[in-house]
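**Student:** Sequence and predicted structure are below.
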Amino acid sequence: MTGLGQVIFTAFFGYLIGLALGLGHITSLYVAVALTFSSTIIVKLLSD
């Protein structure tokens, strides 16, 4: 999976998880962005 694909995939599902947990749209968006950055950093650290 490309880097952009991973970012889109993680952000999308992070947003859906936030909504499923009863968070608002904006809060779910913040959670999705935080999850995207943290997973991208972890994948980068593991691949080096």
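**Tutor:** Structure's in. What do you need?
**Student:** can you pull the contacts of the residue positioned nearest the centre of the chain?
**Tutor:** Of all residues in the chain, the one closest to the mean position by Cα atoms, centre = their mean is Thr36, 3.0 Å from it. Thr36 makes contact with Val7, Thr10, Ala11, Gly14, according to Cβ atoms under 8 Å, 6 or more residues apart in numbering. All C-beta spots, glycine's among them, are computed from the backbone N, C-alpha and C.
**Student:** Among those residues, which lie within strands?
**Tutor:** Among the contacts of Thr36, DSSP state E puts none in strands.
**Student:** Could you identify the most distant pair in these?
**Tutor:** The span of the contacts of Thr36, defined through Cβ to Cβ, is set by Val7 and Gly14 at 10.4 Å.
**Student:** What residues of the helix or strand of the chain with the lowest mean pLDDT count as buried?
**Tutor:** Least confident helix or strand of the chain, by mean pLDDT, DSSP states H and E, is helix 25-47 with a mean of 84. Neighbour counts over helix 25-47 (16 or more other Cβ atoms under 10 Å) mark Ser28, Leu29, Val31, Ala32, Leu35, Thr36, Ser39 as buried.
**Student:** ok, and the closest non-adjacent residue to the fifth one?
**Tutor:** The spatial neighbour of Leu35 that comes closest, neighbours along the chain excluded (Cβ to Cβ, 6 or more residues apart in numbering), is Gly14 at 3.9 Å.
**Student:** hang on, isn't that neighbour packed against Phe37?
**Tutor:** No - using Cβ atoms under 8 Å, Gly14 is not in contact with Phe37; the gap is 10.3 Å.
**Student:** Need the overlap of contacts for these two.
**Tutor:** If you check Gly14 and Phe37 against Cβ under 8 Å, 6+ apart, no residue is contacted by both.
**Student:** Remind me what the helix or strand harbouring Ile17 packs against, helices and strands.
**Tutor:** Per DSSP states H and E, Ile17 falls inside helix 3-20. For helix 3-20, the contact count by 3 or more Cβ pairs under 8 Å, 6 or more residues apart in numbering; DSSP states H and E identifies helix 25-47 as packing neighbours.
**Student:** Nothing else from me, thank you.
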